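Colleague: Here is a sequence with its predicted model. Questions after.
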Amino acid sequence: MTGMPAIRLADVRKNFGATEIIRGVSLDVAGGERHAIIGPNGAGKTTLFNLISGRFPITAGSIELRGQRIDALPPQRINRLGLSRSFQITSIFPRLTVFENLRCALLWSRGYRYSFWHLLPRARALNEATEALLRDLNLAERHDLPAGLLSYAEQRALEIGMTVAGGASVILLDEPTAGMSHSETEYAVALIRRVTEGKTLLMVEHDMRVVFDLADTITVLVYGRVIASGPPSAIRADRAVQEAYLGAMAA
Amino acid sequence: MTRRSAIIWLTLLAVAIVLPWLFYDFAHHRPAGFVISMLSQMGMMIILALSYNMLLGQAGLFSLCHATFFGFGGYSTIHFLNAAGAGELPVPTELMPLLAGLSGLGLAIVFGAMATKQRATAFAMITLGIGELVATAALMFHHFFGGEGGVSTDRMIDQSLFGLSYASGIQVYYLIVGWTFVAALLMWLQTMTPLGRMANACRDNFERAQFMGYDPRIVRFLQFCLAGFFAGIGGGLYAITYEIVTFDAVAAPLSANALLMAYIGGNMVFVGPVLGAVLITLLQSGVSLMSNSWLIYVGVLFIAMVTFAPAGITGIIMAHGPVWRAGRLSRLILPYLRLVVPGIATVAGFVGMVELLSFLTIGAAAGKHLVLFGSPIDANTAAPWAIAIVLLVVGTVWLRFEARYFARVWESVAGSVEARA
């Protein structure tokens, strides 16, 4: 992959009080690749996501999205630049219907912004796009159900749908298959593959089958540092990774 | 707008137009004055409650200063009317509420910029401060607010789009009907706009909204401004109706009333606050004629709603929807009937206690006679006290028992309905 990376982290550090959680992470995610971050619990994977997506400010270093500094921007500005994320703990609008959840996720990218002069029932193109996405997620039958009443796996699917709805070209998924059964996981992987086609995907994932199935590149984060980064075959063969992480898991 | 909702809106409008004529006063050949003033009050309160719910129900913003914008719209209107009366403001009476709304909007822009930086508890505390600030200002700055006596005007400015003088209450009532209809319709349509929907979204999960491109602060701010605009319209109608606006119109009790109406009616459904406004106004004008203690009853009703039915009256009604559609409503008839007698006993016992106590402390001193449920009572004998206490205790215990039975039946009915769905 040539040209500018989709995401570039340069010596990113994050302290919470005196505790250093991210201890100098440098990472390039190439445009169009599927990149997985793995690592033991407490390695700082989710924190890293929170830094990239603007949820927390960084302590030092820099984060670029396609060459543009984003580390001082609020989440909504980063999102408007084409980066969208999901959450480890499902984050939807529980009292809105499934349809409304998805439609909200489409609003900004469709240019509606803070309008109080457009009537949504009349926004045909928007509603059709929402319906199409709903079918794509296999949630068409849940159209009018409050999202909080969906099953867990359905909520995860909705969350992925809301993340990709706005058409962001860089997608961050935080443990999209956490807590899913085997068949649910298979379905979710297929869904992720489908909806992130042609986009850059950065994901945190614990399920090694999912990681080795989906990812083009794997980065291993241990204790706030990158100990290895490369294609799955290289990571599998890496001694340091085996000792620090994969070995421990196998044992 | 769908055909069905158009029919509902037009029906409500027709009811509002016809209602005063159902209480025709044949002695004076005009609709009854008491009814007209009560219905007029209802109109203003509907606007106040609906605009309050743009914050509470739709945006999850617990504002404690909504009367500020209502009252400010009212004060401004008094000055607009005075200017118009002096020939300095060529605006017809019919459009005065629009100016009032813009006044409310202007103030909401200023205070909204402060309050909506925060959400949840911090937001509530800032609005409490704003409410107190303006209420204090109303007593201090006489030029605009007129101090304790307030400011007054003469609404007959002789500037009307329809050649009306607004000398009679019924003309003012129709002005209120028109504006309440327009304001309610606009607020309803607003719930279907991107801003309205994102207000719901930020209420449910503001962080998610951020990661979808929206700044929740801007959503809150715009929603707050619009709510202030509509509250101002309500205040304008208040000023036109009463021709005087005092401290009461910006003070905390009216803000609390807005909350009460939206909550009791139900803040999760658009019509909830309308129902709440109608009910509270009825209590205010009806029960206050019968009892000094009406505020206590409103307070107890509020506490009971918060405790047992947080979704309000409309929430209770909506909960029956699935049961009704499943054809199981008949199974609830008996449990409901069994609640009636202990319910009445509890309420009667409570009312009896409150009235007896209040009579001893206030009524007797004022030289009044106590009449309870149609019969004269001597509060200094033991019998009425004993009856009230027995009713209250027995009613409460019995009601608890019946409520448990009701809950069991409800669970099983609702459970079976859910299982079918």
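Modeller: Structure received.
Colleague: What lies in contact with the host helix or strand of B:Pro273?
Modeller: Taking DSSP states H and E as the definition, B:Pro273 sits inside helix B:272-282. Residues from elsewhere that reach helix B:272-282 (CB atoms under 8 Å, 6 or more residues apart in numbering or on different chains): B:38, B:41-42, B:45-46, B:48-50, B:52-53, B:57, B:184, B:257, B:260-267, B:298, B:312-315. Using the backbone N, CA and C atoms, a C-beta is placed for each residue, glycine as well.
Colleague: List the residues that contact the residue of the stretch 1-150 of chain A found nearest chain B.
Modeller: Closest residue of the stretch 1-150 of chain A to chain B, CB to the nearest CB: A:Trp108 (3.2 Å). By CB under 8 Å, 6+ apart, the residues touching A:Trp108 are A:Asn79, A:Arg80, A:Gly166, B:Met212, B:Gly213, B:Tyr214.
Colleague: Distance of the residue in the stretch 101-250 of chain B that chain A sits nearest to relative to A:Gly31?
Modeller: Relative to chain A, the nearest point of the stretch 101-250 of chain B is B:Gly213 (3.2 Å; CB to the nearest CB). Taking CB to CB, to the nearest Å as the criterion, B:Gly213 is separated from A:Gly31 by 21 Å.
Colleague: Looking at the two now, which is surrounded by more residues?
Modeller: More neighbours surround B:Gly213 than the other of B:Gly213 and A:Gly31, with 22 against 16 (other CB atoms under 10 Å in any protein chain shown).
Colleague: what residue of chain A is the furthest out?
Modeller: In chain A, the greatest distance from the average C-alpha position (CA atoms, centre = their mean) is reached by A:Trp117, at 32.6 Å.
Colleague: What is the three-state secondary structure of it?
Modeller: coil (DSSP: H, G, I helix; E, B strand; the rest coil).
Colleague: Need phi/psi at it.
Modeller: Main-chain torsions, A:Trp117, degrees, to the nearest 10: phi -130, psi 0.
Colleague: Confirm for me that it is in contact with B:Met192.
Modeller: No - counting by CB atoms under 8 Å, A:Trp117 sits too far from B:Met192 to count as a contact (11.1 Å).
Colleague: residues of the helix holding B:Pro273 that come out buried?
Modeller: Buried residues in helix B:272-282, counting neighbours by 16 or more other CB atoms under 10 Å in any protein chain shown, are found at B:Gly272, B:Pro273, B:Val274, B:Leu275, B:Gly276, B:Ala277, B:Val278, B:Leu279, B:Ile280, B:Thr281.
Colleague: Please apply the same query to stretch A:142-154.
Modeller: A:Arg142, A:Pro146, A:Ala147, A:Leu150, A:Ala153, A:Glu154.
Colleague: And the pLDDT for the third one?
Modeller: Meaning A:Ala147. On pLDDT, A:Ala147 comes in at 96.
Colleague: OK, contacts around it?
Modeller: Neighbour list for A:Ala147: A:Ile92, A:Phe93, A:Pro94, A:Arg95, A:Leu96, A:Thr97, A:Val98, A:Asn101, A:Gln155, A:Leu158 [criterion: CB under 8 Å, 6+ apart].
Colleague: State whether the fourth one is indeed within a helix.
Modeller: No - applying three-state DSSP, one finds A:Arg95 to be coil, outside a helix.
Colleague: How about the secondary structure of the residue nearest to B:Leu19 when sequence neighbours are not counted?
Modeller: Spatially, and ignoring its direct neighbours in sequence, B:Leu19 is nearest to B:Leu39 (6.1 Å; CB to CB, 6 or more residues apart in numbering or on different chains). Here B:Leu39 is recorded as helix under three-state DSSP.
Colleague: Contact partners for B:Leu39?
Modeller: B:Leu39 touches B:Ala16, B:Leu19, B:Pro20, B:Tyr173, counting by CB under 8 Å, 6+ apart.
Colleague: okay, the contacts of A:Trp108 in JSON lines with secondary structure and distance to B:Arg331 next?
Modeller: Formatted as JSON lines, those follow (DSSP: H, G, I helix; E, B strand; the rest coil; distance: CB to CB, whole Å):
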{"residue": "A:Asn79", "secondary structure": "helix", "distance to B:Arg331": "50"}
{"residue": "A:Arg80", "secondary structure": "helix", "distance to B:Arg331": "53"}
{"residue": "A:Gly166", "secondary structure": "coil", "distance to B:Arg331": "47"}
{"residue": "B:Met212", "secondary structure": "coil", "distance to B:Arg331": "44"}
{"residue": "B:Gly213", "secondary structure": "coil", "distance to B:Arg331": "48"}
{"residue": "B:Tyr214", "secondary structure": "coil", "distance to B:Arg331": "45"}
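Colleague: First-to-last residue distance for stretch A:136-155?
Modeller: Terminal residues of stretch A:136-155 lie 14 Å apart, using CA to CA, to the nearest Å.
Colleague: How far off centre is it?
Modeller: Between the centre of stretch A:136-155 and the centre of its chain there are 20 Å (CA atoms, centre = their mean, to the nearest Å).
Colleague: Provide the backbone phi and psi angles at B:Ala251.
Modeller: phi -80, psi 160.
Colleague: what about A:Val170, how many residues close to it?
Modeller: Neighbour tally, A:Val170, other CB under 10 Å: 23.
Colleague: how far away is it from chain B?
Modeller: Distance, A:Val170 to chain B, by CB to the nearest CB, to the nearest Å: 12 Å.
Colleague: So B:Leu107 versus B:His66, what's the distance?
Modeller: B:Leu107 is 12 Å from B:His66, where distance means CB to CB.
Colleague: Sorry, wrong one. I was asking about A:Val164.
Modeller: Taken as CB to CB, the span from A:Val164 to B:His66 is 39 Å.
Colleague: and chain A, which of its residues are near chain B?
Modeller: Residues of chain A found near chain B, taking CB under 8 Å from any CB of the partner chain as the criterion, are A:53, A:55, A:74-76, A:79-80, A:84-85, A:87, A:91-96, A:100, A:103-105, A:107-109, A:112-121, A:162, A:165-166.
Colleague: for B:Val250, what are its contacts?
Modeller: With CB under 8 Å, 6+ apart, B:Val250 has these contacts: B:Ala67, B:Thr68, B:Phe70, B:Gly71, B:Phe72, B:Tyr75, B:Gly131, B:Val134, B:Ala135, B:Ala138.
Colleague: taking those residues one by one, which sit in helices?
Modeller: The helices, defined by DSSP state H, take in B:Ala67, B:Thr68, B:Phe70, B:Gly71, B:Phe72, B:Tyr75, B:Gly131, B:Val134, B:Ala135, B:Ala138 from these.
Colleague: pLDDT wise, what is the nearest residue to the fifth one once chain neighbours are set aside at?
Modeller: This means B:Phe72. The shortest distance from B:Phe72 to any residue other than its chain neighbours is 4.9 Å, reached at B:Leu107 (CB to CB, 6+ apart). pLDDT for B:Leu107: 98.
Colleague: so which of the ones in helices among the contacts of B:Val250 comes closest to B:Ile389?
Modeller: Set against B:Ile389, the nearest of the ones in helices among the contacts of B:Val250 by CB to CB is B:Ala67 (38.4 Å).
Colleague: ok, that closest one touching B:Ser255?
Modeller: Yes - counting by CB under 8 Å, B:Ser255 is a contact partner of B:Ala67 at 4.1 Å.
Colleague: ok so, going back, could you list which of the contacts of helix B:272-282 belong to helices?
Modeller: Counting by DSSP H, the contacts of helix B:272-282 contribute B:38, B:41-42, B:45-46, B:48-50, B:52-53, B:57, B:184, B:257, B:260-265, B:298, B:312-315 to helices.
Colleague: In chain A, what residue spans correspond to helices?
Modeller: Using DSSP H, the helices found in chain A span residues A:45-52, A:75-80, A:98-107, A:124-136, A:152-165, A:182-195, A:208-214, A:232-237, A:239-241, A:247-250.
Colleague: in the shortest one, what counts as buried?
Modeller: Within helix A:239-241, the residues that count as buried by 16+ other CB under 10 Å are A:Val241.
Colleague: What helices and strands are in contact with the longest helix along chain B?
Modeller: Counting by DSSP H, the longest helix found in chain B is helix B:382-420. With contacts taken as 3 or more CB pairs under 8 Å, 6 or more residues apart in numbering or on different chains; DSSP states H and E, helix B:382-420 sits against helix B:321-325, helix B:333-358.
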